[in-house]
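A.B. asks: need coordinates for the below:
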Amino acid sequence: MDNFKNLVKHNVKEYSMVIALVVIAAFFQIITDGTLLKPLNITNLILQNSYILILAIGMLLVIVAFHIDLSVGSTAALIGAISAMLMVKMHTSVFVGVGVSLLVGALIGAFQGFWIAYVKIPAFIVTLAGMLIFRGLTMVGLGGTSLAPYPVAFQKISSGFIPDFFHGKDMHITTLLIGIIFSVIYVLFELRKRNNQKKLGLEVSSQYTFIAKTAAIVIVANLFTYNLASYKGLPNVLVLLAVLIAFYTFITTKTVIGRHIYALGGNEKAAKLSGVKTQSLVFWVFVNMGVMAALSGIVFAARLNAATPKAGTGFELDAIAACFIGGASASGGVGKVMGAIIGGLVMGIMNNGMSLIGLGIDWQQAIKGVVLLLAVAFDVYTKSKSS
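C.D. replies: Numbering: from 1, shown residues only. Model prediction:
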């Protein structure tokens, strides 16, 4: 019991948001008469929120490093415009169009990172200027009009599904197998992790708690893949998201650079005295954010099948909100990739659920604002209790 209490105490924000996600999903599932969790709507939820979740992963690193980026929505719009100019106007290949777009995103991140890291202009000011600059360039580049359509291969980045290699009739067999394979890998990984913690003499949860948690995740994962398999299977963009989540979770938890980012956000002066190259680290965090904003813009353009001057409006606020709701601290140095994803899903399910019940966009915005305020207030409260 003591182990369980300590586990909850040290992960209170993570567990509270998982519980909140389940409660919110259950609430809207009931009041929408089961529409929320239908296979078609779950697929739409993934497609509608994929670009925000991509942004949230990049934004998490920025927030952990105790900075902010207000330009990501405008960057996504500019990258969408550039990709359209390349693939729609100039008829370049999808490979070239995507590659150049990601490179431009990296250059945008480097441009902003230079001013923040080396010139020491606050990130708020630099990225606010970037938001205006990149939005203006988007409108100039597109001439105030939309540019479409994209090649079919490009559209499949966001709207396509993985093929069923077993050609199931009423069920996407490949998706079901992916769910089972994931479950086996997850169980083996958790067992190995638990055994390593025991060997090192670290505190672990009770066997009952471990089994219950692992079983719950396996059941949810297989129900999720079963739901998708009964429609069209796994969307391509979900596979992309899974790769990004795995990669950035590894970077933030298992690498030196990940530990340095958390040290930077926790106390920059102490990190610098410890040998962390803080200026270089801040620079590369913003380069990474530029690439993630570019990828978000590509996914959004592929879903919309058009580049528009108003694309990306409000994306930065949704990404920042996802991170804070998912447990990132406004003081820097705290936050997890999965937390940002959970925060993004909370926002996405709320948006979708409120739309399904016919709630106006004005009320939706107000409710999202309240949720964000409460999430940050909870962060301040938990910090004050632990200090």
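
A.B. asks: what's the first helix or strand after the helix or strand harbouring Ala25?
C.D. replies: Assigned by DSSP states H and E, Ala25 belongs to helix 12-31. Later in the chain than helix 12-31, the nearest helix or strand by DSSP H and E is helix 39-64.

A.B. asks: in the helix holding Ala25, what's buried?
C.D. replies: For helix 12-31, burial by neighbour count (16 or more other Cβ atoms under 10 Å) applies to Lys13, Glu14, Met17, Val18, Ala20, Leu21, Ile24, Ala25, Phe28, Gln29. Where you see a C-beta, it was placed from the backbone N, CA and C, and this is true even at glycine.

A.B. asks: quick one: which of those residues is nearest Met338?
C.D. replies: For those, the residue nearest Met338 by Cβ to Cβ is Glu14; the value is 7.5 Å.

A.B. asks: can you map out the helices along the stretch 251-387 of the chain?
C.D. replies: In the stretch 251-387 of the chain, the helices defined using DSSP state H, counting those that start in this stretch lie at 256-266, 268-273, 278-304, 315-325, 337-356, 361-386.

A.B. asks: nearest to Ile121, of those helices?
C.D. replies: Of all those, helix 278-304 comes closest under Cβ to Cβ, at 11.6 Å.

A.B. asks: which strands and helices sit next to the closest one?
C.D. replies: Packing partners of helix 278-304 (3 or more Cβ pairs under 8 Å, 6 or more residues apart in numbering; DSSP states H and E): helix 39-64, helix 72-84, helix 94-117, helix 152-159, helix 256-266, helix 268-273.

A.B. asks: and the nearest residue to Gly326 once chain neighbours are set aside, what pLDDT?
C.D. replies: Nearest residue to Gly326, sequence neighbours excluded (Cβ to Cβ, 6 or more residues apart in numbering): Gly343, at 2.8 Å. On pLDDT, Gly343 comes in at 90.

A.B. asks: wait, Gly343 touches Ile320, no?
C.D. replies: No - between Gly343 and Ile320 there is no contact under Cβ atoms under 8 Å: 9.8 Å.

A.B. asks: burial check on Ser71, number of neighbours?
C.D. replies: 29 (other Cβ atoms under 10 Å).

A.B. asks: let's have the chain start at 29 instead
C.D. replies: In the new count, where the first residue is 29, that last one comes out as Ser99.

A.B. asks: just checking, it touches Gln140?
C.D. replies: Yes - between Ser99 and Gln140 a contact is recorded at 6.8 Å, counting by Cβ under 8 Å.

A.B. asks: now do the shared contacts for those two.
C.D. replies: Any residue near both Ser99 and Gln140 by Cβ atoms under 8 Å, 6 or more residues apart in numbering counts here, and that gives Thr155, Gly158.

A.B. asks: the residue nearest to Gly354 - how many residues pack around it?
C.D. replies: Every residue meeting other Cβ under 10 Å relative to Gly371 is counted, giving 32.

A.B. asks: ok, now which ones touch Thr166?
C.D. replies: Taking Cβ under 8 Å, 6+ apart, one finds Ser102, Ala105, Leu106, Gly108, Ala109, Pro337, Ala339 in contact with Thr166.

A.B. asks: ok, of those residues, which one's closest to Lys66?
C.D. replies: Distances from Lys66 to the contacts of Thr166, taken by Cβ to Cβ, are shortest for Ala339, at 28.2 Å.

A.B. asks: which among the helices of the stretch 279-415 of the chain is found nearest to Gly188?
C.D. replies: Proximity to Gly188 (Cβ to Cβ) singles out helix 306-332 among the helices of the stretch 279-415 of the chain, at 8.9 Å.

A.B. asks: now the angle between helix 180-187 and the closest one, please.
C.D. replies: Angle between the axes of helix 306-332 and helix 180-187 is 110 degrees (criterion: axes from the mean of the first three to the mean of the last three Cα atoms, to 10 degrees).

A.B. asks: list the buried ones in helix 306-332?
C.D. replies: 306, 309-332.

A.B. asks: what's the burial count for the residue lying closest to Ala299 once chain neighbours are set aside?
C.D. replies: Nearest in space to Ala299, with sequence neighbours left out and distances taken as Cβ to Cβ, 6+ apart, is Ala291 at 4.1 Å. Using other Cβ under 10 Å, Ala291 is surrounded by 20 other residues.

A.B. asks: check Leu400 too.
C.D. replies: 19.

A.B. asks: with Asp198 instead?
C.D. replies: Applying other Cβ under 10 Å, we find 6 residues neighbouring Asp198.

A.B. asks: ok, and the closest non-adjacent residue to it?
C.D. replies: That would be Ser258: by Cβ to Cβ, 6+ apart, it lies 7.6 Å from Asp198.

A.B. asks: who are the neighbours in contact with that neighbour?
C.D. replies: Pro67, Asp198, Met199, His200.

A.B. asks: burial check on the first one, number of neighbours?
C.D. replies: Other residues within reach of Pro67, judged by other Cβ under 10 Å, total 14.

A.B. asks: which residues does it contact?
C.D. replies: Going by Cβ under 8 Å, 6+ apart, Pro67 touches Asn255, Leu256, Ser258, Tyr259.

A.B. asks: need the contact partners of stretch 133-146.
C.D. replies: Stretch 133-146 has contacts (Cβ under 8 Å, 6+ apart) with 95, 97, 99, 103, 106-107, 149-151, 154-155, 158, 162, 307-308, 310-323, 325.

A.B. asks: stretch 278-294 now?
C.D. replies: For stretch 278-294, using Cβ under 8 Å, 6+ apart, the contacting residues are 89, 91-94, 298-299, 302, 304, 306, 309-310, 313, 360-362, 364-365.

A.B. asks: list the buried residues for it?
C.D. replies: Buried-residue list, stretch 278-294, by 16+ other Cβ under 10 Å: Ile279, Thr280, Gly286, His288, Ile289, Tyr290, Ala291, Leu292, Gly293, Gly294.
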